[in-house]
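Undergrad: How does the following fold in three dimensions:
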Amino acid sequence: MYAATLMLELVVSLCMIATTQHYLLLVGIFGAKVASNLALLIMSGYRLPTLYAPQAAGADGSSNLDYTDIHRRFIKHSAIMWFNNGCKSLTERNFLVPWFTYIFGPAVANMFKVANEGALLFYRIVVKTIGTTDTAVFAHIVTMDSTKGTWQIAFKKVTAKIAALCIPLFGIIWLMCQYDAISLIKGDRFVFHIFFIICIALLTEVVCSPSERILEVKANYKDLFIAYAPYFCMLILFSTTPVMTSIGLLSSIFLIHVVRLVSSTLMVFIARIKYNLDDRLTYTILILSYVCISIAYVHVLWGG
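TA: A predicted model of the protein is given here:
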């Protein structure tokens with residue numbers, strides 16, 4: 001159903017591109033996206049009760065699920081996840097590009113956009129290759145009422161799969177630094193250091209994501225808020241004082257991603273304590289990432 005809807009949206013968009021000009025093209029593509037998502041929402045809402053019907057039926061055929069409690073928990077969980085994702089989006093490309101344009105000007109904002117797009121290329125390689133999301137895996141384990149041993153096995157497998165994708169990319173980035181890739185493409189070394197910081201930070205967040213997903217599916221909202229506290233404080237600082245203007249683009253990016261990594265580190269630490277997870281690999285990558293990002297930042301400050 002999802003694949004068919006996306007394929008139909010793609011076909012309609014391609015037809016619009018081939019036959020439509022001017023502003024109507026943008027309206028048509030936007031309309032196709034809205035229509036496909038609305039159709040998906042309606043079909044999913046219609047199919048959802050039938051998908052859960054076997055689990056809901058008891059031995060006598062009657063329903064054994066408390067839908068009132070399910071609806072309440074669904075609304076609560078969705079609202080909290082939307083809030084977290086909305087706050088995270090405030091330090092991502094779609095918000096930062098216009099914000100940096102306003103603060104530093106178009107030229108500086110364009111440098112950030114180029115570096116960020118390069119980092120997202122590496123990030124998407126991992127995210128798209130994983131396939132089944134870690135959220136779905138851990139949520140399935142919750143429904144199985146599994147033991148601690150199952151959590152350990154699932155966490156190790158998901159972490160190992162993500163690390164197996166990220167570590168080669170870390171190696172490619174290291175080779176780019178060693179062989180002076182920027183001089184080969186005749187680019188700006190300052191842009192490359194921004195790319196390096198963003199790319200290492202994003203890949204490290206992906207490695208830490210299994211710990212965050214466990215806290216989410218277990219509905220540990222208080223622990224999530226504690227982990228996000230440094231990030232929320234940074235957002236308040238940036239919104240109430242002219243910090244970015246005074247410290248510059250590179251320092252702003254460095255501060256944003258270091259604070260994001262601090263929140264990820266707290267999630268890893270909290271999940272380890274609560275569920276006794278074996279995350280030595282995650283800790284190792286975290287430490288190396290802090291060192292690499294700090295070296296890149298100091299290297300630029302010293303005019304390297």
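Undergrad: now this structure, which segments are flagged as low pLDDT?
TA: Judged against pLDDT under 70, the low-scoring parts of the chain cover residues 1-2, 23, 48-67, 130-151, 177-189, 278, 300-304.
Undergrad: That one: helices as residue ranges?
TA: When secondary structure is read from DSSP state H, the chain shows helices at 2-19, 23-51, 53-56, 67-89, 93-104, 106-130, 134-143, 148-178, 181-185, 189-217, 221-240, 243-275, 280-301.
Undergrad: Need the winner for burial among the ones you listed.
TA: When the helices of the chain are scored by mean count of other CB atoms under 10 Å, the highest mean neighbour count falls to helix 189-217 (a mean of 23). In this view, the C-beta of every residue, glycine as well, is placed from N, C-alpha and C.
Undergrad: just how off-centre is that one within its chain?
TA: When C-alpha coordinates are averaged (CA atoms, centre = their mean, to the nearest Å), helix 189-217 and its chain have centres 8 Å apart.
Undergrad: And stretch 5-15, by the same measure?
TA: Per CA atoms, centre = their mean, the displacement of stretch 5-15 from the mean C-alpha position of its chain is 26 Å.
Undergrad: Can you give the contact residues for stretch 83-95?
TA: 113, 116-117, 120, 224, 228, 231-232, 235, 256, 260 (CB atoms under 8 Å, 6 or more residues apart in numbering).
Undergrad: Dump these to TSV, plus distance to Ala164.
TA: Written out in TSV, the entries for those read as follows (distance: CB to CB, whole Å):
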residue	distance to Ala164
Lys113	30
Asn116	25
Glu117	25
Leu120	20
Leu224	27
Tyr228	28
Tyr231	28
Phe232	33
Leu235	33
Ile256	28
Arg260	23
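Undergrad: Quickly name whichever of those residues is closest to Ala39.
TA: Leu120 (28.3 Å; CB to CB).
Undergrad: which ones are touching the closest one?
TA: Taking CB under 8 Å, 6+ apart as the definition of contact, the neighbours of Leu120 are 93, 202.
Undergrad: now Ser239: how far from Tyr123?
TA: From Ser239 over to Tyr123 the distance is 26 Å, taken as CB to CB, to the nearest Å.
Undergrad: An error on my part: the question was meant for Ala107.
TA: Taking CB to CB as the measure, Ala107 falls 25 Å from Tyr123.
Undergrad: same check, this time on Ile75
TA: Using CB to CB, one obtains 31 Å as the distance from Ile75 to Tyr123.
Undergrad: Leu202 too?
TA: When distance is defined by CB to CB, Leu202 is 4 Å away from Tyr123.
Undergrad: what do you get for Met16?
TA: For Met16 relative to Tyr123 (CB to CB), the value is 29 Å.
Undergrad: next one: Ile253
TA: Spatial separation of Ile253 from Tyr123 under the definition CB to CB is 15 Å.
Undergrad: do the same with Ala219
TA: The spacing between Ala219 and Tyr123, counted by CB to CB, is 27 Å.
Undergrad: same question, Phe269
TA: Look at Phe269 and Tyr123: by CB to CB, they are 23 Å apart.
Undergrad: Could you do Ala227 as well?
TA: Look at Ala227 and Tyr123: by CB to CB, they are 21 Å apart.
Undergrad: hang on, the earlier thing: between the contacts of stretch 83-95, which sits nearest Glu212?
TA: Nearest to Glu212 out of the contacts of stretch 83-95 is Leu224 (CB to CB; 7.7 Å).
Undergrad: Which residue comes closest to that closest one once chain neighbours are left out?
TA: Counting by CB to CB, 6 or more residues apart in numbering, Leu224 lies nearest to Leu215, which is 5.4 Å off, once chain neighbours are set aside.
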